[in-house]
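> My questions concern the predicted model and sequence given below.
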Amino acid sequence: MSIPLLSSDEILKKINLYSYQQKKTYLAMYSSWYGGIVKDPALMLIPIDDHLVHRGDGVFEAMKYVRGEIYLLQDHLDRLESSALQLGMKWPFSRDHLATILMDTIRASGAVEAVLRVFLSRGPGGFTTNPYDSVGTQLYVVVTELKSLPEEKYRLGASIGKSQVLPKDPWFATIKSCNYLQNVMMKKEAVDRGLDFTVGFDQQGFLTEGSTENIVLLDAAGNLLRPSLRQVLRGTTMMRVFHLAKSLVEQKAIRGLEERDLTEKDILNAKEVMMMGTTLDVLPITSFEGKNIGDGKVGLIAPTLRRLLLEDMGLGN
Ligand SMILES: Cc1ncc(COP(=O)(O)O)c(C=O)c1O
């Protein structure tokens, strides 16, 4: 036999030898399967028979830890719970216990700022599509270093294009499931085309979202517009930004806030376009399919909204 049969000791030795850049940024993992926290990236593993692995049967959240707090924690947990409910998954712990696990994992990581990824999986057991074959919901939490975009992107703006990837249907789009193949293909097409992002359109030609971020427009009349959430993930960042933007309406810096169906034409006629998400915050977009948005320069409102959001995180100057 040419393929070696390995002992547990040999495997442990081997997995510690594998080294790649990203691994150095993995700081801590909680696993309900282990019943505790590990700090060795080589041991941050999920059983192959967990339905999360072989069927994408799980839900997740990505959160930001800054200034000693998980920003928008309750909003993320609301969405996690809603995603889990829609898949008929059992919620494993009380909210308070879950929050304690998250904070303990961050503490173990020693990070001052971090990204926290929380996965609720259907759990190990069998290799079928039958969710009842599993032993029960598991929780995995991974803390990694927070990597921000270069400041230059916020100063000069980013580029977007029109995605050719088939949109998710409304049920699927509103669940943050671990089946992210469409999102993966959108990111791939953006990278392949040399764009920062592509944005999707539904079957009727209405704007949806980016691969893992929401899109928001400022129209020529000064209204801040978000696409109808019918076929879009309800982004915690976008919703918070709209809440914070009420102060700009009061100051008459913008005219109003609206949620409605938007088209490609709305993007091309917009004064400003921006992408929003947990790791991006608010990122100005200056071109769509190679065409300038407005005068092709970063406008006033996107940086203002970014500042409001950072202040809301306690990161203001
Ligand atoms: C498909 C999709 N849309 C939008 C977002 C933005 O959501 P949030 O602001 O909560 O990060 C995400 C974030 O992960 C996403 O996966």
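Sure, I can see it. These figures come from a predicted structure and were not determined experimentally.

> residues from the stretch 201-317 of the chain in reach of the ligand?
209, 212-214, 233, 235-238, 276-278 (C-beta under 6 Å from any ligand atom). Every C-beta, even on glycine, is put in place using the N, C-alpha and C of the backbone.

> So which of those residues belong to helices?
Mapping these onto helices (DSSP state H) picks out 236-238.

> next one: phi and psi at the closest residue to the ligand within the stretch 1-150 of the chain?
Residue of the stretch 1-150 of the chain nearest the ligand, by C-beta to the nearest ligand atom: A62 (5.4 Å). Main-chain torsions, A62, degrees, to the nearest 10: phi -120, psi 130.

> if I pick it, what's in contact with it?
Taking C-beta atoms under 8 Å, 6 or more residues apart in numbering, we find A62 in contact with 115-118, 278-279.

> buried subset of the residues you listed?
115-116, 118, 278 (16 or more other C-beta atoms under 10 Å).

> And the contacts of A62, which two are furthest apart?
Considering C-beta to C-beta, no two members of the contacts of A62 lie farther apart than V118 and T279, which are separated by 14.8 Å.

> what about the stretch 51-200 of the chain, any weak spots by pLDDT?
Within the stretch 51-200 of the chain, no stretch has pLDDT under 70.

> Buried ones in the host helix or strand of I37, by neighbour count?
Using DSSP states H and E, I37 falls within strand 36-38. Burial within strand 36-38, assessed by neighbour count using 16+ other C-beta under 10 Å, is assigned to 37-38.

> Figure out how far the helix or strand that comes right after that strand is from the centre of its chain.
Using DSSP H and E, the helix or strand that follows strand 36-38 towards the C-terminus is helix 51-55. Between the centre of helix 51-55 and the centre of its chain there are 20 Å (C-alpha atoms, centre = their mean, to the nearest Å).

> what helices or strands is helix 51-55 leaning on?
When contacts are defined as 3 or more C-beta pairs under 8 Å, 6 or more residues apart in numbering; DSSP states H and E, helix 51-55 sits against strand 114-121.

> The strand it packs on packs against which elements?
In terms of contacts (3+ C-beta pairs under 8 Å, 6+ apart), strand 114-121 is packed against helix 51-55, strand 58-66, helix 73-86, helix 95-109, strand 138-145.

> Residues touching that strand, excluding its own?
Strand 114-121 has contacts (C-beta under 8 Å, 6+ apart) with 27, 46, 50-52, 57-65, 70, 76, 80, 84, 89, 91-92, 102, 105-106, 137-147, 178, 278-279.

> Please compute how far it lies from its chain's middle.
10 Å.

> and the angle for it with strand 58-66?
Interaxial angle of strand 114-121 relative to strand 58-66 (axes from the mean of the first three to the mean of the last three C-alpha atoms, to 10 degrees): 160 degrees.
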